[in-house]
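A.B. asks: attaching a predicted model along with its sequence, questions to come.
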Amino acid sequence: MPRCLNLTLAGIVACFVVGCATQSKTTLTSGRRISNVRTTAYTHSEGSGCHNALGDHLSGRHVISAASDWSHFPVGTRFRIADTNEEYVIDDYGTALIGTDTIDLYKPSRLEMKRWGVRHVDINILEWGSDEQSLKILAPRCKHHCVRQMVTALEKKRGKTVAQSSPTRPSL
């Protein structure tokens, strides 16, 4: 009888712990596969320079830089291409990507960029980025039309405007 009581008590505690556990958006969406994502490639010699939108150097090493419309794939989103096993992080954006689900992959050379071309690939989301961080970075840059488009889309997702949450927003 005591053994049965111990098992019952352990089961109740386990259910309680699982029921009280919370998951953030990043954990809920991590591990998710997105099929048939359109990808293109860019390199630092295209005129965008050697820095991403965060001011850091574009990375072609272990975790590779990528660009997207941050209202579709927010800054900080980490993913792996299923076929190549390459890991990327969204740390940049580009005007041609606004309003699309295209991800632009950084390649360290023009030759590698041309070799990649345009491909539709399956990606595995490792960690979902932050809409809030995207807005924080983009808000001071609203004088640019493409940035305003991303901010507007992010605001719609959140249900409030940057003007309500950020007193330093430049006038449009």
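C.D. replies: Nice, I can see it.

A.B. asks: quick one, domains of the chain?
C.D. replies: According to automatic domain parsing, the chain comprises the domains 25-129, 133-165.

A.B. asks: where among the ones you listed is average confidence lowest?
C.D. replies: Looking at the domains of the chain, the lowest mean pLDDT belongs to domain 133-165 (a mean of 75).

A.B. asks: would you mark the buried spots in it?
C.D. replies: 134-135, 137-139, 142, 146-148, 150-151, 153-155, 162 (16 or more other Cβ atoms under 10 Å). Quick note: C-beta positions are derived from backbone N, CA and C, even for glycine.

A.B. asks: wait, what's in contact with Asp83?
C.D. replies: By Cβ atoms under 8 Å, 6 or more residues apart in numbering, the contact list for Asp83 reads Val121, Asp122.

A.B. asks: Trp70 touches Ile90, doesn't it?
C.D. replies: Yes: assessed by Cβ atoms under 8 Å, Trp70 is found in contact with Ile90 at 7.2 Å.

A.B. asks: among those two, which residue is more densely surrounded?
C.D. replies: The residue with more neighbours, out of Trp70 and Ile90, is Trp70; 29 against 26, by other Cβ atoms under 10 Å.
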